[in-house]
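J.: just coords:
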């Protein structure tokens, strides 16, 4: 079991409020990603759950039990750190088994569990190596092995893939997700990369300035962002925002249209007119950055190749069903 | 062509420095080797004559030699052990966030800046003096008989003084090492359920292995030649109780005025230092391999 509930969790360092009251329900076995810009408090929140920081207010419930006064080791969670934090003088075997050794398990049992974890992660042939003799991806797997061997109620990941190169990151992303599904253990994963968040999560928590902006499944966040911040943060390239006349016509202070929901017409008469400033041709996609005069810069995405170039005049037609409307304070308007 | 010119230029620019160093080292060494084969007494000038290895036989068979060799090893070993055993807890304490930490650090480092002769004088006359010393006063407060440090336990007294001088060095090296310990490693250990003691044994101590090696190697170099502290406090005595190799060589040359024998002793000391260094590097040097 690994059901985690936050009730009004706050954290302040002196007069600075880092977390301004977070409420969250994480179901057993789900993969939840905390995502937000740097300094939004996502790592702080994770550390509060881990017990590496003390809450300034509120409750953290693990399986219904308040753990705010429980030391980290007794919470039954395990953590994968950004720097992996492997013990440099211990072999892979020693690293993975350290938690079990501290728990006072007999040697044979530790060996059995370590070997089982190593087999899951394809580390068996590296068990007697030191961390410095491993590649980045292998170190990452050792760190994960150290987390899974203790059979925790939940895994906490603190930006674990940020030190890997792009190709390896995609591979580890899939491995971590598959492992989590296979073990069925709750996981909380912190990242600033919204692609990681969208691809890995069952549910995403978008944090900004110490507040939870929205909590929902990746597609929910994509299709129904609760406010301007979430709308702008989720999705790549970013959503286009238009204010003024165009927005007022639709009864909103701001309207947002995703680049992929703009229909591109060459020399069209209807829709938003503009000149292409930059055209990016990726083969699979074409991104157009369009100078639309009073509307500002707009980004449009076309699936496939579109032979338009900088300087060409285009008109962009927003898909009326896919227009997001926001009020003056930035909250989404529905209906 | 360009490479050869660069090399030639580099070598010619290096030559003065290398040459000066070479002369600086080779002249005293050559003279020492030369004197070690002479009968050369300052009390009997003009009587120098070649005696072969007679000086070495004389120095090595002198009962004072074995005694001073033993004193040297005891002194080096004790000071090394004490500075490391006391340095680790001190460094751990100084790594804690407390008010005035920078001031405390400065104070702890202070003994290192005091000249050996000065600190030896202070210890001899202000602290360890059996009548007017601070320790004697403390002992009499509790109704104990003051210890006459330099007569009853002379070697221990010298060890304490030298330890006091070298403790800051050990503490400082260990402290900087502690500060370079990755915070996330300690947190990982905390998540793994390690207690403070386990964290120290399994995480901190292995991390300190390399700085401890550095402390041992550097201190050994200097501790083999401790002289001022002995000269100022005990003068090698009582008897031979605090005479180490360095002091023995001094006494041969400038108390007995036997330059030949002192030169032979100097060469023996070089050999001993090399033997010690050889074993040290074998024992602790593997920690230095990355």
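T.: Thanks, I have it. Quick caveat: nothing in here was measured; it's all calculated off a predicted structure. Numbering: from 1, shown residues only, chains lettered A, B, ... in the order given.

J.: tell me the SS of residue B:145?
T.: coil (DSSP: H, G, I helix; E, B strand; the rest coil).

J.: ignore what I typed, I meant residue B:105.
T.: helix.

J.: correct me, but it touches residue B:96?
T.: No: using CB atoms under 8 Å, residue B:105 is not in contact with residue B:96; the gap is 11.7 Å. C-beta coordinates here come from the backbone N, C-alpha and C atoms, glycine included.

J.: model confidence for the residue nearest to the spatial centre of chain B, exactly?
T.: For chain B, the residue nearest the mean C-alpha position is residue B:223 (1.6 Å; CA atoms, centre = their mean). You'll see residue B:223 listed with a pLDDT of 88.

J.: residue numbers of chain B in contact with chain A?
T.: Counting by CB under 8 Å from any CB of the partner chain, chain B comes close to chain A at B:182, B:184-185, B:187-195, B:198, B:202-203, B:206-207, B:209.

J.: in strands, which of these appear?
T.: Of the residues of chain B next to chain A, none are assigned to strands by DSSP state E.

J.: low-scoring stretches of the chain, by residue?
T.: In the absence of a named chain, chain A is used. Applying pLDDT under 70 to chain A flags the ranges A:335.

J.: wrong one, I was asking about chain B
T.: B:1, B:285-290.

J.: so residue A:250 makes contact with residue A:323?
T.: Yes: using CB under 8 Å, residue A:250 makes contact with residue A:323 at a distance of 6.7 Å.

J.: which one's more surrounded, these two?
T.: residue A:323 (17 against 14; other CB atoms under 10 Å in any protein chain shown).

J.: the more buried one: what's it in contact with?
T.: Each residue near residue A:323 by CB atoms under 8 Å, 6 or more residues apart in numbering or on different chains is listed here: A:250, A:255, A:256, A:257, A:261.

J.: and for the fourth one, nearest residue in space, chain neighbours not counted?
T.: Of all residues not flanking residue A:257 in the chain, residue A:318 sits nearest, at 4.4 Å (CB to CB, 6 or more residues apart in numbering or on different chains).

J.: any idea how far residue A:289 is from that neighbour?
T.: Between residue A:318 and residue A:289 the distance, using CB to CB, to the nearest Å, works out to 16 Å.

J.: which one of the contacts of residue A:323 is nearest chain B?
T.: The closest of the contacts of residue A:323 to chain B turns out to be residue A:256 (CB to the nearest CB; 38.8 Å).

J.: secondary structure class for the closest one?
T.: What three-state DSSP gives for residue A:256 is strand.

J.: quick one: residues contacting it.
T.: Each residue near residue A:256 by CB under 8 Å, 6+ apart is listed here: A:225, A:228, A:231, A:232, A:239, A:240, A:241, A:242, A:323, A:324, A:325, A:326.

J.: from the chain's centroid, how far away is the helix or strand hosting residue A:205?
T.: Here residue A:205 sits within strand A:203-208, counting by DSSP states H and E. Centre-to-centre, strand A:203-208 and its host chain are 7 Å apart (CA atoms, centre = their mean, to the nearest Å).

J.: contacts only, for residue B:178.
T.: Residue B:178 makes contacts with B:91, B:92, B:95, B:204, B:207, B:208, as judged by CB under 8 Å, 6+ apart.

J.: with neighbour count added, can I get those in CSV?
T.: Compiled in CSV, the contacts of residue B:178 are given as follows (neighbours: other CB atoms under 10 Å in any protein chain shown):
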residue, neighbour count
B:91, 23
B:92, 16
B:95, 17
B:204, 20
B:207, 19
B:208, 23
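
J.: and those residues as JSON lines, adding distance to residue A:133?
T.: Shown next, in JSON lines, are the contacts of residue B:178 (distance: CB to CB, whole Å):
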{"residue": "B:91", "distance to residue A:133": "29"}
{"residue": "B:92", "distance to residue A:133": "30"}
{"residue": "B:95", "distance to residue A:133": "29"}
{"residue": "B:204", "distance to residue A:133": "23"}
{"residue": "B:207", "distance to residue A:133": "18"}
{"residue": "B:208", "distance to residue A:133": "22"}
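
J.: ok, those vs residue A:130, which is closest?
T.: Set against residue A:130, the nearest of the contacts of residue B:178 by CB to CB is residue B:207 (13.8 Å).

J.: ok, that closest one touching residue A:87?
T.: No: Residue B:207 sits out of contact with residue A:87 when judged by CB under 8 Å, with a separation of 9.1 Å.

J.: let me see the ranges of the helices in the stretch 151-300 of chain A.
T.: Taking DSSP state H, counting those that start in this stretch to define them, one finds helices in the stretch 151-300 of chain A at A:166-183, A:194-200, A:218-223, A:228-233, A:245-249.

J.: which of those helices sits most buried?
T.: helix A:228-233 (a mean of 22; mean count of other CB atoms under 10 Å in any protein chain shown).

J.: cool, thanks, signing off.
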